[in-house]
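J.: Just a sequence and a predicted model for now, questions to come.
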Amino acid sequence: MKLADLPTPSLVLDRAALAANCRAMAARAAKLGVRLRPHMKTAKSAEAAKMATAGQFGGITVSTLAEAEYFAAHGFRDIAYAVGIAPAKLDAVARLQRAGVAMTLVADNVAAVQAAAQRAGELGAEFSLLVEIETGGGRAGVLPDSPELLEVGRAIAAAKGLALAGVLTHAGHSYKCKGEAAIAAVAEEERAGVVRAAERLRAAGLPCPVVSVGATPTAMFARSLAGVTEMRPGVYTLMDLYQMAIGVCRREDIAVSVLATVIGHNPRTGRILVDAGALALSHDKGAAGIMANVGYGWVLGERGDRLDGLFVAEVNQEHGMIASPSGAPPWERLPVGARVRILPNHACMMAAPYARYNVVERGDEVVAVWDKASGW
């Protein structure tokens, strides 16, 4: 099957680029002396996870219970659910554990710990929890030097049905950096903060076997992960224009794109219309704030060649509007019915709605179709 045989929009995955990305991150983990627990919220694919965990200890990270159930059904038995836990979700976690899956959960407040302990008792289950640490991202977690850290740690350790597994952080603010030096500085903030939290727990007589960090930019540019036991990068599997914009990858490393069909020309606006809009590409314009002429994604030819600097300038629900930096789109080169591939601003968001990957090997021949998780 060729890409020309697919309906549009369709999700296309370059297997060679994915494999190279996985090898590169495995080498980073080995150099830094930590375990690699890839975050599969980006690729959401068992086949991609097999590549990402090749030669590793086999653990993965997820962000939804749907992902946990999907990967468990495909044989993955060590899963960190790296989103703060709510008691209503513990029934599903308990079912996975009864099926032989080792689940690790996250909490950052005593109320959540107490609710988890109560539900553990009701279910006759035991849950392993990591304390989430705030190291600059501003999203969730307790500060490394805060009294809340020890309060949460002690609450987990004292609760029947719960076990304190360690600490976890995510340097989300590394995405606001540009260039190796800036990202390396954030990586050190991430490392130092979570290691300090681990040291405080141990000094208080509490167990802390796991010290976990996670972000693709910091994983790529950290100069040391001393005191850390594992890292959980995710978007590195697919990469995207945002990672390219901040200096983490090259265009050739971006493994995913959306196949779209030209459905019209609008000479009044200087736009080429395609059948991939906001739902197919996501509404994320992150890279557009860093690089010029990015919009909602770069436009490639069907075989993956860059087309005259074209980019998706605007989107409606099902329409994408391609513009040219020169203001004169190549109407003849892209007639109605022509196929293009669009690189993502944010691979996680773009790939999420699709049910499958159409896998190519740096060309236009579809060599496999991979299923993937979806929903929550």
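T.: Great, that's in hand.
J.: looking at it, residue 275 is touching residue 9, isn't it?
T.: Yes. Checked against C-beta atoms under 8 Å, the pair residue 275 and residue 9 is within contact range at 6.2 Å. C-beta: built from backbone N, CA, C; applies to glycine.
J.: domain parsing for this protein?
T.: Listed by automatic domain parsing, the domain ranges of the chain are 3-10+249-371, 16-237.
J.: Can you tell me which of the ones you listed is most buried?
T.: domain 16-237 (a mean of 20; mean count of other C-beta atoms under 10 Å).
J.: Okay, helices next: where are they in this structure?
T.: 15-32, 46-52, 65-73, 90-98, 110-123, 147-158, 180-203, 216-221, 241-245, 278-281, 347-351 (DSSP state H).
J.: Quick check: which of the ones you listed is nearest to residue 325?
T.: Closest to residue 325 of these is helix 241-245 (C-beta to C-beta; 15.2 Å).
J.: Would you check how far apart residue 275 and residue 257 are?
T.: Distance of residue 275 to residue 257, computed by C-beta to C-beta, to the nearest Å: 15 Å.
J.: quick one, what contacts residue 249?
T.: 21, 236, 239, 243 (C-beta atoms under 8 Å, 6 or more residues apart in numbering).
J.: Please state the backbone phi and psi of the closest residue to residue 37 other than its chain neighbours?
T.: Leaving aside its chain neighbours, residue 37 sits nearest to residue 59 (4.4 Å; criterion: C-beta to C-beta, 6 or more residues apart in numbering). The phi and psi values for residue 59, taken as degrees, to the nearest 10, are phi -80, psi 150.
J.: Can you give me the pLDDT of residue 59?
T.: pLDDT, residue 59: 98.
J.: Give the bridge partners for residue 132, please.
T.: residue 168 (DSSP bridges).
J.: doesn't residue 143 make contact with it?
T.: No. Shown here, residue 132 and residue 143 do not form a contact pair, counting by C-beta under 8 Å, at 10.9 Å.
J.: Give me the spatial nearest neighbour of residue 65, chain neighbours excluded.
T.: Nearest non-adjacent residue to residue 65 (C-beta to C-beta, 6+ apart): residue 92, at 4.9 Å.
J.: Next one: the closest residue to residue 51 other than its chain neighbours from residue 305, what distance?
T.: Spatial nearest neighbour of residue 51, excluding adjacent residues (C-beta to C-beta, 6+ apart): residue 22 at 4.7 Å. Counting by C-beta to C-beta, the separation of residue 22 from residue 305 is 24 Å.
J.: again, but for residue 85
T.: 46 Å.
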